[in-house]
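In: Provided below are the primary sequence and the corresponding predicted coordinates.
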Amino acid sequence: MKHAILITANRTSRWLLAGLLLTFTCGCSQSLALKVESEVPMPLISKIPINMGVYYDENFRNYTYRENTPDRENWSIESGSSQIALFNQILPSMFREVIEIDSMPAAGTVTGVKAVLVPSIEEMQFSLPQETRLDMYEAWIKYKIRLLDTNGNLISEWPLTAYGKTETAFMKNREQGLNGAMELALRDAGAKLALGFPEIVEVKDWLATHTDE
């Protein structure tokens, strides 16, 4: 059996206090380091009565947005640790028990769960007020979520797009603006995952024959 880590939500601290480290490695005045502490509320939903596995590959754990253009020279935005913190907060609100496994499921290697969720980040985008002429900072995250059985076979795969924008850019520097937009995008991702998962057609069909109650 694969090495497994039981994931539980921290209900004693006010939900998620995730460290999101956004590091912009640029020259001179473009250089920027931002650490965001993000509170993502736990959705008030009924748990699905199954044990669910989750697998984070190295690309997800160490996801870094990179861009090198005249307007965004040598941007490097690290967000892997915050993504894991987000999923580790949301998933325990969705399922009876969540167990993290350390490699992709294959035949005979995973026990104790009914299936395994595998999230990945397909794309990330940002916009600044001076680029859009809008009084806001914006962030987009496009995920791909896969649900695999314990033999590694695909049950379902679907996109999840999260969006966050600040209400205003007034009195916000770039650090504060991007911080706020990313925090709201993470909240949006958590809410969409929790509420949308049981509505995916293939997932709904699978749950009909695999829940324990």
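Out: Cool, the structure landed. Numbers count the residues shown, from 1 in each chain.
In: Enumerate the positions of the host helix or strand of residue 99 that are buried.
Out: Per DSSP states H and E, residue 99 falls inside strand 95-101. Within strand 95-101, the residues scored as buried using 16 or more other CB atoms under 10 Å are 95, 97-101. In this view, the C-beta of every residue, glycine as well, is placed from N, C-alpha and C.
In: do stretch 55-62 as well
Out: 55-56, 60.
In: Tell me the span between the first and last residue of it.
Out: 14 Å (CA to CA, to the nearest Å).
In: Likewise for stretch 99-119?
Out: Termini of stretch 99-119 sit 14 Å apart (CA to CA).
In: ok, now stretch 106-124?
Out: End-to-end span of stretch 106-124 (CA to CA): 30 Å.
In: In strands, which of the buried residues of stretch 55-62 fall?
Out: residue 55 (DSSP state E).
In: Now do the helices in the chain.
Out: 58-61, 80-94, 129-132, 174-196, 201-210 (DSSP state H).
In: In TSV: these, plus mean pLDDT and distance to residue 110.
Out: Formatted as TSV, the helices of the chain follow (pLDDT from 0 to 100; distance: least, CB to CB, whole Å):
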stretch	mean pLDDT	distance to residue 110
helix 58-61	94	18
helix 80-94	91	16
helix 129-132	84	45
helix 174-196	89	21
helix 201-210	95	14
